[in-house]
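S.K.: next input, structure requested:
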Amino acid sequence: MTRLRRGAEAAARDSARDAFRFGLQILDVIPIDELVDRMPIERIIERIPIEYLLARVDMNALLAQIDIEALLERMDIGRIVNEAISGIDFEGLIRASTASVGSEVRDASRGGAMHADATLARVIDRLLRRSGRDLDVGVAAAGVGAT
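M.R.: Down below sits the predicted model:
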């Protein structure tokens, strides 16, 4: 029985090898495109996990085949830019920035006006020969001369 079993295994190996060779010969005769066209590729691909397929793809080789210029020509860049811009609150940004700039200008103007008022008061005091008045109230607090 052992000899019979070994013979059967050898025959099976030979048959498998012959079938494989025959399959390769068929591929030499039948154009591969024609064979693929006859296969239900969609049904085959549906059964293969995408992770399995992507693990076997050379992404660098795939990306090297992409014509970036043609891809960009097909894209509606204006629509993409408009969508990106529409998500930005320009009114709020301008309002916030002008409010902070405005408050800084207002504070500097107030400080400058207070300083000018104190200077004018000193000049008038000298002309009228007044002395002893404290005219520096609030000038330093307003930020005049501060850096």
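S.K.: any idea which residue sits dead centre in this protein?
M.R.: By CA atoms, centre = their mean, the mean C-alpha position of the chain lies nearest to Ala84, the distance being 11.3 Å.
S.K.: immediately after the one helix or strand that one maps to, which helix or strand?
M.R.: Element membership for Ala84 (DSSP states H and E) is helix 77-86. Next helix or strand after helix 77-86 toward the C-terminus (DSSP H and E): helix 90-127.
S.K.: in that following helix, what counts as buried?
M.R.: Buried residues in helix 90-127, counted by 16 or more other CB atoms under 10 Å: Gly111, Met114, His115, Ala118. C-beta coordinates here come from the backbone N, C-alpha and C atoms, glycine included.
S.K.: name the SS class of the residue of the chain most remote from its centre, please.
M.R.: Relative to the centre of the chain, and counting by CA atoms, centre = their mean, the farthest-placed residue is Arg129 at 71.4 Å. Per DSSP: H, G, I helix; E, B strand; the rest coil, the secondary structure class of Arg129 is coil.
S.K.: show the pLDDT at it.
M.R.: Looking at Arg129, its pLDDT stands at 77.
S.K.: what's the answer for Ala64, then?
M.R.: pLDDT, read off for Ala64, is 91.
S.K.: tell me the domain ranges of the chain?
M.R.: Domain assignment for the chain by automatic domain parsing gives 2-71, 101-147.
S.K.: can you give the distance from the first one to the centre of its chain?
M.R.: Translated: domain 2-71. In terms of CA atoms, centre = their mean, to the nearest Å, the centre of domain 2-71 is found 38 Å from the chain centre.
S.K.: do stretch 85-92 as well
M.R.: On CA atoms, centre = their mean, the centre of stretch 85-92 falls 18 Å from that of its chain.
S.K.: helix or strand right after the strand or helix carrying Ala16?
M.R.: Element membership for Ala16, per DSSP H and E: helix 2-29. Following helix 2-29 in sequence order, the next helix or strand is helix 32-38 (DSSP H and E).
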